[in-house]
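Enquirer: Structure here, sequence nowhere to be found:
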C-alpha cells in the first residue's frame, strides 16, 4: 500500500509559541528535511498515515502536510514519548519554513531520528492534540576548539551537493555507535536523538518478552531489568570461535549466554533461540542507516565500516556480513586509527607528518603510526589488543566497590546477575565522572540482599586515586603495545610529530599522563575522542566515490596487522605473510600432494610462534589427481580480507575456501599432526597423509 492509499488520521498540534521565530528557536531541533518528531502520549502505530497541522498559540498556521508514522517511541520512564513522522506531502509555505529552520539552525537536526534520547537536556512536554507542547531548544555548536577538523562535529546542512551521493561512515563501537556523512565537503556526526545533542546510540540489543527486538537506548534500559536477554559488548565476541579459550573466559563477564552459532562462532542465546552476532550487529547498523534516511528523506545504502586495526580476517568477514544483513553496500573496511588520522588531516594541507594514533575504546585497543602528506595517508606500523578496553576498567572498579560491602554478602554478588550488573553500571558512571573530578559518591540502595532477605546498601566514595591504583596495569599494557608498535616500525618516540588519543577510555587522566611521560610528547587536546572514527570513515567514503568518477581525493594505504600462516607438525606456525606487510599483498607457498588423497592445512593469524595460541581462521581441504606440488596463493585485500587460490601439479587453478564449520580442538589437532614438518621440502611426503582417511572419511588408494 502506498502512502497515498493510506487512510489519514487528522492531527492538529497547537503550540504555546507566539511567533514563528519562537517556534524556529524552540521547536527547530525536532524538524528536518525529511520529517518531524512529535512528542505525544498518544503516539499512533507505525505505518499510520496522518494529515497534520502545526499552529501557533493564536491559531496561525505553521506547518501543514501529510506523512507516515515511521516509528513510535516509548521512554520507560515516561519522560519522552512520541512518534517520528516521515513527510509524504508538504504545502509550499511549509517547505519554505523548513528551509528557514535549517538555515537558522545550521544543523542536521534530529527530528527524523528514530531513536529519542532517554534523557534529553531539556525534555519535551508530552503532546496530545490539541494540548500545547514544549521542546528542547535547538543545539548550538559543540564545545571545543572550532578550528580543529577532528573536533568540529557540529551538524551541517541537511542537503547534499547536487548529484553527490552520501556514504555513511559508521563506527560500530563496543559501547556506543555513531554515524557521519559528508555534506558540502565537511563531515559531520549525525544527531541520533530529538534533542539535537545526542550523537551516539548505545551498542545494545535486547529481545523483550513479546519477542520484539529493541535497539540502542530502549535496549539499554533492559540491561538491569532483563540482563539475560540483553546483548552488550558484543563487538569483542564477533568473529571469534565460541570454544576458544578467550571467549570461554569472557563469557563469565556477561549475563547473557554465549553459545556456538551454526558456524561455530560465538553467538548469543536469547529466549531459547541462538542468534549469530552479525545478526545482532546488523540491527544496530540498520538503526544508524534509518536515522540518516529519515533525516535526508531518501534511501542510503553505501557505507564505510570501521574495525579495530587488530581485527583478524574472520572478524572482518563477520563485520562485512553484518553490513550485508543491514542492507548496506560496504565500500570498504577501514581500521579505526586510520580513520582518526584521515579526520585529523582532512583539508589541512599538512606537510609530511608522522602521527601516533592511540585508540582505547570500550572493548579494544589499537595503536598505529601513520604518515600524512596532505590528505594522503600511509600506515607505517600497527598493533593492538582486542581484549583490552574500557569494559576492563569498569570491571576493576566494580570489583573494588563490591569489596566495600559487608564481608557476609560479598560472595553473594557473584550469584546475583542483577546485583553484579548494577554495581558494574555504577562503576562505569563513577569512572566517567572521575575523568573530570577527584572523587564522586557512589550510592546504590539495596545493592544486595543477605540470606534472610534483608537489604544491604552500597554507599561509598570512589576516588581517582583508587581507580588509577586498580587499573594502572591495564594502562601499562597499552603502553607496552604502543612501544612494541613503534619498535616493529623501527621508530622512536622522538620521530613522532603528533600524538592523538581517541576512544572514550583515553579521556582518563592516567592514560594521558603516562603517554606523555613515556613518549616525552604532549598529546593533542583538540581531538574529539568519540566522533573522530566515524568522521574519518565518512571522508574515506566520499574519497572512494570521487576516485571512481576520476576526481582527486585522499588515498589510504594500510598494512597487515598480524601475521598469517599455516600450522606445522609439532604445533608451530609457518608465517606466510608478515605483520606490517603493505596491503594489498600476495604470496605463494608450495606444499606436497599425493595423487587422489586429500590435503588438509590449518590457517592461523597472530603473532605467536605456537599455532594454537593464534586465531584459527579455518582449514584448507583440497586434493589433486596427480602427485607433485600444490602452489597455494594467499591474497590479502586492502581492507585485510584473505582470499586463497591453488595451482595443482597439472597447472589447473582452483579457488580454495577456508572451511570453518568444524573448528573443534580435535580437528585442529589432527590437521597439525599431519602438517608438513618445519623446513620440509615440497614433494617430500613424510607423514603428511597418515591418518587423513580418518579425518576426512575418504579411501586412500596407493599408487
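Expert: Sure, I can see it. Treat the numbers as computed from the prediction; the structure is a model and nothing was measured.

Enquirer: What residues does the closest residue to residue 299 other than its chain neighbours make contact with?
Expert: Nearest residue to residue 299 in three dimensions, chain neighbours excluded: residue 293, at 6.0 Å (C-beta to C-beta, 6 or more residues apart in numbering). Where you see a C-beta, it was placed from the backbone N, CA and C, and this is true even at glycine. Going by C-beta atoms under 8 Å, 6 or more residues apart in numbering, residue 293 touches 34, 299-300.

Enquirer: Same question for residue 394.
Expert: 424, 427-428, 431.

Enquirer: Which of those sits closest to residue 101?
Expert: The closest of the contacts of residue 394 to residue 101 turns out to be residue 428 (C-beta to C-beta; 36.7 Å).

Enquirer: need the next SSE after the helix or strand encompassing the closest one, C-terminal direction.
Expert: Here residue 428, judged by DSSP states H and E, is contained in helix 417-433. Next along the chain after helix 417-433, taking DSSP H and E as the criterion, comes strand 439-449.

Enquirer: re the thing from before, of the contacts of residue 293, which qualify as buried by neighbour count?
Expert: Buried members of the contacts of residue 293, scored by 16 or more other C-beta atoms under 10 Å, are 34, 300.

Enquirer: OK, contacts around residue 314?
Expert: So residue 314 contacts 239-240, 265, 605, 615, 617-618, 660 (C-beta under 8 Å, 6+ apart).

Enquirer: May I see the buried residues of the host helix or strand of it?
Expert: Element membership of residue 314, judged by DSSP H and E, is helix 313-325. Buried residues in helix 313-325, counting neighbours by 16+ other C-beta under 10 Å, are found at 313-323, 325.

Enquirer: One more: stretch 495-506?
Expert: The neighbour-count check on stretch 495-506 (16+ other C-beta under 10 Å) flags 496, 498-506 as buried.

Enquirer: do the same with stretch 556-576
Expert: 556-569, 572-574, 576.

Enquirer: what's the straight distance from one end of that stretch to the other?
Expert: Taking C-alpha to C-alpha, to the nearest Å, stretch 556-576 runs 24 Å from one end to the other.

Enquirer: circling back: which helices and strands sit right next to the next helix or strand after the helix holding residue 314?
Expert: Sequence order places strand 329-335 as the next helix or strand after helix 313-325, per DSSP H and E. Packed against strand 329-335 by the contact rule (3 or more C-beta pairs under 8 Å, 6 or more residues apart in numbering; DSSP states H and E) you find strand 302-307, helix 313-325, helix 532-548.

Enquirer: Figure out which of those is closest to residue 279.
Expert: Residue 279 sits nearest to helix 313-325 of all the helices and strands packed on strand 329-335, at 6.2 Å, using C-beta to C-beta.

Enquirer: show me where pLDDT drops low in the stretch 51-200 of the chain?
Expert: Along the stretch 51-200 of the chain, segments meeting pLDDT under 70 span 73-81, 103-164, 195.

Enquirer: Just the helices from it, written as ranges.
Expert: Assignment of helices within the stretch 51-200 of the chain using DSSP state H, counting those that start in this stretch yields the ranges 92-105.

Enquirer: give me the low-pLDDT residue ranges for the chain?
Expert: Checking the chain against pLDDT under 70 turns up 1-6, 73-81, 103-164, 195, 660-670, 673-703.

Enquirer: care to break it down by domain?
Expert: Here the domain parsing of the chain from automatic domain parsing is 3-140, 564-696.

Enquirer: what's the distance between residue 61 and residue 93?
Expert: Per C-beta to C-beta, to the nearest Å, residue 61 is found 8 Å from residue 93.

Enquirer: which strand of the chain spans the most residues?
Expert: strand 61-74 (DSSP state E).

Enquirer: Enumerate the positions of stretch 415-428 that are buried.
Expert: By 16+ other C-beta under 10 Å, the buried positions in stretch 415-428 come out as 417-428.

Enquirer: hmm, back to that, the inter-axis angle of the helix holding residue 314 versus strand 302-307?
Expert: Here helix 313-325 points in a direction 150 degrees away from that of strand 302-307 (axes from the mean of the first three to the mean of the last three C-alpha atoms, to 10 degrees).

Enquirer: Skipping adjacent residues, who's closest to residue 557 in space?
Expert: residue 378 (4.4 Å).

Enquirer: next one: phi and psi at residue 292?
Expert: Dihedral pair for residue 292: phi -70, psi -40, per degrees, to the nearest 10.

Enquirer: surely it meets residue 182?
Expert: No: look at residue 292 against residue 182 with C-beta atoms under 8 Å: they stay out of range, at 11.8 Å.

Enquirer: what sits in contact with each of those two?
Expert: residue 166.

Enquirer: Which parts of the stretch 151-300 of the chain are strands?
Expert: 168-172, 176-183, 186-189, 201-202, 204-207, 213-215, 230-232, 257-260, 266-270, 273-276 (DSSP state E, counting those that start in this stretch).

Enquirer: any idea which of the ones you listed is most buried?
Expert: strand 168-172 (a mean of 29; mean count of other C-beta atoms under 10 Å).

Enquirer: Return the list of helices and strands in contact with the longest strand of the chain.
Expert: Counting by 3+ C-beta pairs under 8 Å, 6+ apart, strand 61-74 packs on strand 35-39, strand 49-55, strand 81-90, helix 92-105.

Enquirer: For residue 221, find the nearest of those.
Expert: Among the helices and strands packed on strand 61-74, strand 81-90 sits nearest to residue 221 (C-beta to C-beta), with 13.3 Å.
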